[in-house]
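Participant: fold the stuff below for me.
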Amino acid sequence: MFTSIRYILICALRDKLFIGLIAGVLIAAFISSMLGGTAFLEEHEMALSYAGASARLMLIVGLITFCCFHVKSALDTREIDVMLSRPISRPKLVIAYWLGFAAVSLLLVAPTALVVCAIGPQSYTGFAAWATSLLLETWFVVAMALFASLALKSAVSSVMACLGFYVLSRMMAFFTMDADSLYNTANSPLIMVSKYALKAISAILPRLDFFAKTEWLVYGVSSAGQWRLFLLQTLIYVPLLLAAAVIDFNRKEF
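Facilitator: Predicted structure coming up:
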């Protein structure tokens, strides 16, 4: 298992993933500082929010792309077959892959948090919540990418499915709020059905809008319940995705 984790870290180094994403985060922070300087009020707060949001998006897209293409490449080049020839079970191999991707995520989130900390968060409690939830969000995302890359046939479709799911989970609060506002102004059956359908979907899907809120960097965490929201979701959805990946991987024939 540790050999598989080490192999994923070596692949990340070989593909220049750390250099590329950390350089992108630094560029995003520089551009955010420039954009924040154009504001009439709260220049520092705006730059901080821009930096946090852009860094999070860059990490998520980079990790999804790396995970999906790496797993598909391992399947196409029969590297998975070589790993399975060793005394390791399929469930352990899936867990090892996720742990390897989680280690890559940790090595990327740590310098990203340092960059944001260098900008100067207004609340260090909020900064701790933001950094912790960003790490947990990347762990959730790599679990989702691992499952998608094993279940779907191409790396491109895996990336697109993960990005679509991520955007939907991130914007679910906006969709439900919009449905509520439409329901208050119009009572047509279609709008009522749409509202309850969105409520049902939002109750099942993970709510990634509870992770890495940039407002925490400025205003801090308002209640302990905000910590519980992203911690509980991580404890629920990451094992579910890994279990789904194990079930799908066990069904494959090599």
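Participant: hey, which helix or strand in the protein has the poorest pLDDT?
Facilitator: Here the helix or strand of the chain ranked lowest by mean pLDDT, DSSP states H and E is helix 172-185, holding a mean of 67.
Participant: work out the gap between whichever helix or strand comes after that helix and the centre of the chain.
Facilitator: Counting by DSSP states H and E, the element after helix 172-185 in chain order, helix or strand, is helix 189-204. Helix 189-204 has its C-alpha centroid displaced from the chain centroid by 25 Å (Cα atoms, centre = their mean, to the nearest Å).
Participant: so what touches the very next helix or strand once past helix 189-204?
Facilitator: Toward the C-terminal end, the helix or strand that comes next after helix 189-204 (DSSP H and E) is helix 215-219. Outside helix 215-219, the residues that touch it by Cβ atoms under 8 Å, 6 or more residues apart in numbering are 45, 48-49, 52, 116, 121-123, 126-127, 129-130, 226. Every C-beta, even on glycine, is put in place using the N, C-alpha and C of the backbone.
Participant: buried ones among the residues you listed?
Facilitator: Applying 16 or more other Cβ atoms under 10 Å to the contacts of helix 215-219, the neighbour count classes 45, 48-49, 52, 116, 121, 123, 126-127, 129-130, 226 as buried.
Participant: quick check, nearest of the contacts of helix 215-219 to residue 16?
Facilitator: Taking Cβ to Cβ as the measure, residue 116 is the one of the contacts of helix 215-219 closest to residue 16, at 22.5 Å.
Participant: report the secondary structure state of the closest one.
Facilitator: In the three-state summary, residue 116 is assigned as helix, counting by DSSP: H, G, I helix; E, B strand; the rest coil.
Participant: what about residue 251, how many neighbours?
Facilitator: Residues near residue 251, counting by other Cβ atoms under 10 Å, number 10.
Participant: mind listing what's buried along stretch 145-164?
Facilitator: Along stretch 145-164, these residues count as buried under the neighbour rule (16+ other Cβ under 10 Å): 145-152, 155, 158-159, 161-163.
Participant: now for the residues you listed, which pair is the farthest apart?
Facilitator: Taking Cβ to Cβ as the measure, those reach their widest spread between 150 and 163, a distance of 17.1 Å.
Participant: residues in contact with stretch 106-115: which ones?
Facilitator: When contacts are taken as Cβ under 8 Å, 6+ apart, the neighbours of stretch 106-115 outside the stretch itself are 9, 17-18, 21-22, 25-26, 29, 51, 55, 59, 62-63, 127, 131, 134-135, 138.
Participant: for PyMOL, write a command that selects the buried ones of these.
Facilitator: Selecting in PyMOL just the buried members of these, where the criterion is 16+ other Cβ under 10 Å, is done with this command:
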select buried, resi 9+17+18+21+22+25+29+51+55+59+62+63+127+131+134+135+138
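Participant: helices - which of the contacts of stretch 106-115 land there?
Facilitator: Secondary structure assignment by DSSP state H places 9, 17-18, 21-22, 25-26, 29, 51, 55, 59, 62-63, 127, 131, 134-135, 138 of the contacts of stretch 106-115 in helices.
Participant: doesn't residue 56 make contact with residue 25?
Facilitator: No - proximity of residue 25 to residue 56 does not meet the contact threshold set by Cβ atoms under 8 Å, at 9.6 Å.
Participant: Three-state assignment for residue 48, please.
Facilitator: Residue 48 - assigned by three-state DSSP - is helix.
Participant: show me the contacts for it.
Facilitator: Residue 48 makes contact with 32, 36, 116, 119-122, 214, 217-218 under the criterion Cβ under 8 Å, 6+ apart.
Participant: export stretch 146-161 as CSV, just CAs?
Facilitator: Output for stretch 146-161, consisting of C-alpha atoms alone and laid out as CSV, is shown next (Å, rounded to 0.1, in the frame of the first residue of the first chain):
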residue,chain,number,x,y,z
LEU,A,146,-11.3,8.3,-8.3
PHE,A,147,-14.8,6.8,-8.5
ALA,A,148,-15.6,8.6,-11.7
SER,A,149,-12.3,7.6,-13.4
LEU,A,150,-13.0,3.9,-12.5
ALA,A,151,-16.7,4.0,-13.5
LEU,A,152,-16.5,6.0,-16.8
LYS,A,153,-14.7,5.0,-19.9
SER,A,154,-12.7,8.1,-20.7
ALA,A,155,-10.7,10.6,-18.7
VAL,A,156,-12.4,13.6,-20.4
SER,A,157,-15.9,12.3,-19.4
SER,A,158,-14.6,11.7,-15.9
VAL,A,159,-13.3,15.2,-15.6
MET,A,160,-16.5,16.7,-17.0
ALA,A,161,-18.7,14.7,-14.7
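Participant: since that was my last question, I'll sign off now.
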